[in-house]
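Chemist: give me coordinates for this.
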Amino acid sequence: MLYFASIAISLYLFVLLAVKPNKITADKLLMIWQLVATLHLAGLYLQVSGNYSQFPNLIGWGDLLALVHGPFLYLYILHLTTPVKFSKKKLLHFLPVVFAYLLWMSFLLQNPEQKLLLYDQGFSSPYYKTIEIITNICIIISGIIYVSAAIILLHRYKKKISEEFSTTDKISLNWLRYLIAGIAGIWVFVIFYPTAESIYFSASLYICFIGFLGVRQQQIFKTANASSRSAAEHPNFSTQKENLSEEPANVALMPNKIKYDWSSLTDAEAERIFQHLNTIMAQEKLYKNVELTLSKLAEALKLKDAVLSQVINSKFNKSFYDYINSLRVDECVKMIADEKNQNYTLLSIAFDCGFNSKSSFNRNFRKFTGKSPSDFFRKPTELIYHKAL
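Modeler: Residues are numbered from 1 along each chain as shown. Reported below is the predicted structural model:
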């Protein structure tokens, strides 16, 4: 009953995704993934329930779908985290599963009696043993490659939003880490506990998880596209975000002179912008705007996004996110130390300084002071904030 329920839930989530309004490419990919996953679960169900003998024609058709989960994971995260269009060349990710079906075609097209006999004998012939080993190796390699690629995509996305947004709680996509960890865990099961029951149970939970969260996930780049426009104008932008092999993994550690080779900004211009930025932040305290983005700040300074980002990165040695939140923390410390604000709670002051949640405030406060807010303000002698930023 549990097995059948998981298939029903998976199919229900597919329907929810199908009727979801304003679907973006990521939603469509997840919808197809959910349908394919439902078919995969149905194939596994025949094995764990022992009912495969009643439907011998279906034996084998679902097993090879294990090769599509890696590509779907990668493409879903790619289109959720970057404003790219789906192109036909992305279908090349599914060539391994096509190749696998071609290898197994002689078995899949057998008459029901012969097919059932071969399956019950455990594919004892040398040919089927060989292609079974090849298929299993391909599944394992696919898992390693696509899980690694998904981790790289998520890491780049985290870095990207830290360069463009001052508040990331609603767009952090932290749940994708569990998505990646979940599919990695299933591959571990496949390698070390290759029983149909263990694979089916873990896959059932995972598929329901991604379907539920995928239904809830809203489009990110309807707001991010605008703030990404200056980067998109750069001729290398599309290849930098799509080709995993062309950008160094340690790009964040690269010297600024290499990172900004394409920029024509001089040191004198950078210094002038730096001074102007400090002045406007001190006078207008734009960081108190909880929805402040790189694009909005650049507009206030009448600069291009990429130029402002370069100045912040090179002069402060920080991302836009860290720069703005360090100012918010600094302002919080000053306001709390002011006796006029003694009747206000710590959290209300944090909100006034631009933070939008208690967790965001606590996380950033600890990051820039080395202590939690309660520890920092415990002793009167600690009310003086020495910036080591």
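Chemist: residue ranges with poor pLDDT in the stretch 201-350 of the chain?
Modeler: 211-263 (pLDDT under 70).
Chemist: what does the stretch 51-200 of the chain give?
Modeler: 190, 193-200.
Chemist: ranges for the helices of it?
Modeler: Ranges of helices in the stretch 51-200 of the chain, per DSSP state H, counting those that start in this stretch, are 69-81, 95-103, 105-108, 112-120, 126-164, 175-192, 196-216.
Chemist: which of those helices sits most buried?
Modeler: Ranked by average neighbour count under the criterion mean count of other Cβ atoms under 10 Å, the helices of the stretch 51-200 of the chain are headed by helix 69-81 at a mean of 24. To be clear about C-beta, it is placed using only N, CA and C from the backbone, and glycine gets the same treatment.
Chemist: off-centre distance for it?
Modeler: 9 Å (Cα atoms, centre = their mean, to the nearest Å).
Chemist: can you check stretch 24-38 too?
Modeler: So, by Cα atoms, centre = their mean, the centroid of stretch 24-38 is 16 Å from its chain's centroid.
Chemist: then stretch 157-171?
Modeler: 12 Å.
Chemist: repeat for stretch 69-86
Modeler: For stretch 69-86, the distance to the chain centre is 9 Å (Cα atoms, centre = their mean).
Chemist: alpha carbons of that stretch, in CSV - could you do that?
Modeler: Extracted as CSV, the C-alpha positions of stretch 69-86 are listed here (Å, rounded to 0.1, in the frame of the first residue of the first chain):
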residue,chain,number,x,y,z
HIS,A,69,17.6,11.9,-13.0
GLY,A,70,21.1,13.4,-13.1
PRO,A,71,20.4,15.5,-16.3
PHE,A,72,17.1,16.6,-14.9
LEU,A,73,18.7,17.7,-11.6
TYR,A,74,21.3,19.7,-13.4
LEU,A,75,19.0,21.3,-16.0
TYR,A,76,16.4,22.2,-13.3
ILE,A,77,19.0,23.9,-11.1
LEU,A,78,20.6,25.6,-14.1
HIS,A,79,17.3,27.2,-15.2
LEU,A,80,16.2,28.0,-11.7
THR,A,81,19.4,29.9,-10.9
THR,A,82,20.4,31.5,-14.2
PRO,A,83,18.2,33.4,-16.8
VAL,A,84,19.1,31.2,-19.7
LYS,A,85,16.8,29.9,-22.4
PHE,A,86,16.4,26.2,-23.1
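Chemist: name the nearest residue to residue 157, ignoring sequence neighbours.
Modeler: Leaving aside its sequence neighbours, residue 157 sits nearest to residue 81 (Cβ to Cβ, 6 or more residues apart in numbering; 3.8 Å).
Chemist: how about the helices of the stretch 51-200 of the chain in JSON lines, adding distance to residue 322?
Modeler: As requested, the helices of the stretch 51-200 of the chain are exported to JSON lines (distance: least, Cβ to Cβ, whole Å):
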{"stretch": "helix 69-81", "distance to residue 322": "20"}
{"stretch": "helix 95-103", "distance to residue 322": "41"}
{"stretch": "helix 105-108", "distance to residue 322": "55"}
{"stretch": "helix 112-120", "distance to residue 322": "58"}
{"stretch": "helix 126-164", "distance to residue 322": "7"}
{"stretch": "helix 175-192", "distance to residue 322": "20"}
{"stretch": "helix 196-216", "distance to residue 322": "28"}
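Chemist: and those: which comes nearest residue 31?
Modeler: Across these, residue 31 has its closest neighbour in helix 196-216 (8.2 Å, Cβ to Cβ).
Chemist: how about the strands in the chain?
Modeler: Assigned by DSSP state E, the chain shows no strands.
Chemist: which parts of it belong to which domain?
Modeler: Following automatic domain parsing, the chain resolves into domains at 2-219, 322-389.
Chemist: dump those to JSON lines, plus distance to residue 290.
Modeler: Output for these, formatted as JSON lines (distance: least, Cβ to Cβ, whole Å):
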{"stretch": "domain 2-219", "distance to residue 290": "6"}
{"stretch": "domain 322-389", "distance to residue 290": "5"}
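Chemist: of those domains, which is nearest residue 279?
Modeler: Short answer: domain 322-389, nearest of the domains of the chain by Cβ to Cβ, at 13.2 Å.
Chemist: do I have it right that the residue nearest to residue 157 meets residue 153?
Modeler: Yes: using Cβ atoms under 8 Å, residue 81 is in contact with residue 153, at 5.9 Å.
Chemist: thinking again about what came up before, figure out which of the domains of the chain is closest to residue 296.
Modeler: domain 2-219 (9.2 Å).
Chemist: which residue is nearest the centroid of this protein?
Modeler: Nearest residue to the geometric centre of the chain (Cα atoms, centre = their mean): residue 154, 3.9 Å.
Chemist: how much space between it and residue 294?
Modeler: 20 Å (Cβ to Cβ, to the nearest Å).
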